[in-house]
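**Q** Would you be able to build a 3D model of this:
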Amino acid sequence: MTHVEDELNSQPECWTRAADQAAVHEAALPTAGERVAIVGCGTSFFMAQAAAALREQSGQGETDAFAASEFPAGRSYDRVVALTRSGTTTEVLELLRRLRGHTRTTAVTADQHTPVMGSADDVVVLGFADERSVVQTRFATTALTLLRAHLGLHSDAVVGDARTALDTPLPEGLVDCAQFTFLGRGWTVGLANEAGLKMREASLAWTEAYPAMEYRHGPISITTHGTATWMFGEAPEGLAEQVRGTGGLWVDGGLDPLAELVRAQRLAVAVAAARGLDPDRPRHLTRSVILSH
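**A** Prediction:
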């Protein structure tokens, strides 16, 4: 079993522990009414997108998400939350340094022995979700679970769905598809983006991701026999029928959307195996991006 397989299979237990940690770290996480930005790089940026949409939809306050390198310097926030598995990513550390003394910051990381520990005002360490794999799975979903639980949006049913996602076979013919499109709405747009990234990283697959309604504005033109379209959450009315009409494979996300991401992670590993690739050694990637100056 690869590292990434072992780590993605451990997610139900990690999510349960993260939900318990939400109360422990309540003071380090955004309070209702704060104007908040959530930042990250790569997978962490897509988790930031999901978390920001969830927080704002739940009425907790205006919340934006940015890639750490694209944070708007002139914009004012009460708190900036940085998601960083390694705690060493250059763009995140530089942003935290710029914000020190002006904006309260919180870092959510997996490693307490990294520079981020001294760069943020508050730090939440999810060491039990750290990973050996370059390809992120459990840290990303565990960090999002922490934030969902902080908002009161996590339940045991979510963990149950994650177990179902691990135990249920993937749809027949899915691994053999030549192209994959992931769709989301609201907070699940970030999950769709992450599913696409996971496929590209682990299996070098041709993948795209869109807000579900935007898919109709051009991208559906590539859908045909041998392609798959996967919906995270409830699909817009008529979209499934429209995709099936093209001859493409429609995958209906019936589980909790975060559990659907676990299924997409499994797909990435399965496609990698089918193509003779090692998902633990993705091409041109390292566990953390550290830029030299």
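**Q** residues in contact with the residue nearest to the spatial centre of the chain?
**A** The chain has Met47 as the residue nearest its centroid, 3.8 Å off, counting by CA atoms, centre = their mean. Met47 makes contact with Gly40, Leu83, Ala140, Thr141, Ala143, Leu144, Gly190, Glu194, according to CB atoms under 8 Å, 6 or more residues apart in numbering. For the C-beta atoms, the positions are set from N, CA and C on the backbone; glycine is no exception.
**Q** wait, which of the residues you listed is closest to Asp176?
**A** Glu194 (22.7 Å; CB to CB).
**Q** what's around the closest one, how many residues?
**A** Look at Glu194: counted by other CB atoms under 10 Å, it has 31 neighbours.
**Q** Look at the nearest residue to it once chain neighbours are set aside and give its secondary structure.
**A** Excluding the flanking residues, the one nearest Glu194 by CB to CB, 6 or more residues apart in numbering is Phe46, at 3.9 Å. Following DSSP: H, G, I helix; E, B strand; the rest coil, we place Phe46 in the helix state.
**Q** Next, the contact list for Phe46, please.
**A** When contacts are counted by CB under 8 Å, 6+ apart, Phe46 touches Gly40, Ala140, Gly190, Leu191, Asn193, Glu194, Leu197.
**Q** related to what we said a few turns ago, just the ones in helices from the contacts of Met47, please.
**A** Ala140, Thr141, Ala143, Leu144, Gly190, Glu194 (DSSP state H).
**Q** Can you tell me which of those residues is closest to Pro169?
**A** Using CB to CB, the ones in helices among the contacts of Met47 come closest to Pro169 at Thr141, 20.8 Å.
**Q** Am I right that that closest one is in contact with Gln11?
**A** Yes. If you go by CB atoms under 8 Å, Thr141 and Gln11 touch, sitting 5.6 Å apart.
**Q** could you pull out the strands for the stretch 51-200 of the chain?
**A** 63-67, 79-84, 104-109, 122-125, 179-184 (DSSP state E, counting those that start in this stretch).
**Q** Dump the ones you listed to CSV, plus mean pLDDT and distance to Arg132.
**A** Formatted as CSV, the strands of the stretch 51-200 of the chain follow (pLDDT from 0 to 100; distance: least, CB to CB, whole Å):
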stretch, mean pLDDT, distance to Arg132
strand 63-67, 98, 25
strand 79-84, 98, 17
strand 104-109, 98, 16
strand 122-125, 98, 17
strand 179-184, 98, 26
